[in-house]
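Undergrad: Fold the following and give me the result.
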Amino acid sequence: MENKVIHKSENRGQADHGWLKAKHSFSFASYYNPSQMHFGVLRVLNDDEIAPGKGFGTHPHDNMEIITIPLEGALEHKDNMGNHGVIKYGDVQVMSAGSGVMHSEFNASKTERVKLFQIWLYPDKENVKPRYDQVSLNVSDRKNKLQTIVSPDTENNGIWIHQQAWFSMGSFDKDKEVNYKIRKQGNGVYAMVVKGEFSINNDTLKERDAIGIWNTDKLQIVSKTEGAEILLMDIPMQLN
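TA: Just a heads-up that it's a prediction; the model follows:
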């Protein structure tokens, strides 16, 4: 029998540090909600807005798959592995923190804000060699369909991670319908409405609302507004 949980946009945790405005779908930093600690292996989904020229100074991570998806503006990354890059809308970045990595993230612009999703997944193996990668995708390939942006497959057009998880994004005209089949038995889907409004398995979700669905093998997704955008995260429900 299908199970689901709905997280409304306005019920997310909030933090305003001046230079950083953040919304937390799950417990993070000073926001603690015992009923929203994680969804399967999805531990963090932060909706961040960083002021021009500001950012996160050098700090450590370990044993987490960290995926960054810019929505507006440009984000600059540096780490102790010698990587230095800038990502913008249409790009996806992954950092497998593994046995440990130090990095910084800053708004690459002195005049424009940057908005992004930062997502953390528990990995399917611990203490791997840390790695960094980024890819630029053609956003026109997600028009009225779902484009895979993250997967376990090193040969995929998206970017690969140490987890049996598949992320997809799509941008849809009004009343377009797509049926999504869950990629792996035992996985569930956490869907975040990036923009507009959708019906997902007959539940109506507005901008930045999210739904987690498991114990099912497919989703019926219908866009209710023109230019509606969605992010799907198809992830294991069991922690290793």
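Undergrad: Tell me who's in contact with residue 127.
TA: For residue 127, the residues meeting the contact criterion (CB atoms under 8 Å, 6 or more residues apart in numbering) are 63, 98, 99. (Each C-beta comes from the backbone N, C-alpha and C, glycine too.)
Undergrad: Just give me the closest of the residues you listed to residue 109.
TA: Distances from residue 109 to the contacts of residue 127, taken as CB to CB, are shortest for residue 98 (30.4 Å).
Undergrad: Using the three-state scheme, assign the closest residue to that closest one other than its chain neighbours.
TA: Counting by CB to CB, 6 or more residues apart in numbering, residue 98 lies nearest to residue 128, which is 3.9 Å off, once chain neighbours are set aside. Secondary structure for residue 128, judged by DSSP: H, G, I helix; E, B strand; the rest coil, is coil.
Undergrad: Can you check what pLDDT the model gives residue 128?
TA: According to the prediction, residue 128 has pLDDT 95.
Undergrad: again with residue 117
TA: Per-residue pLDDT puts residue 117 at 98.
Undergrad: cool, and residue 240?
TA: Per-residue confidence at residue 240 stands at 71 (pLDDT).
Undergrad: follow-up on the earlier one: list buried residues within the contacts of residue 127.
TA: Listed as buried from these are 63, 98; burial here means 16 or more other CB atoms under 10 Å.
Undergrad: Is the residue nearest the centre of the chain bridged to anything, and to what?
TA: Averaging the C-alpha coordinates of the chain gives a centre point, and the residue nearest to it by CA atoms, centre = their mean is residue 119 (4.5 Å). When bridges are called by DSSP bridges, residue 119 pairs up with residue 45, residue 67.
Undergrad: That one is in contact with residue 39, isn't it?
TA: No: taking CB atoms under 8 Å as the definition, residue 119 is not a contact partner of residue 39, at 11.1 Å.
Undergrad: In this structure, where is pLDDT below threshold?
TA: Residue ranges of the chain with pLDDT under 70: 156-157.
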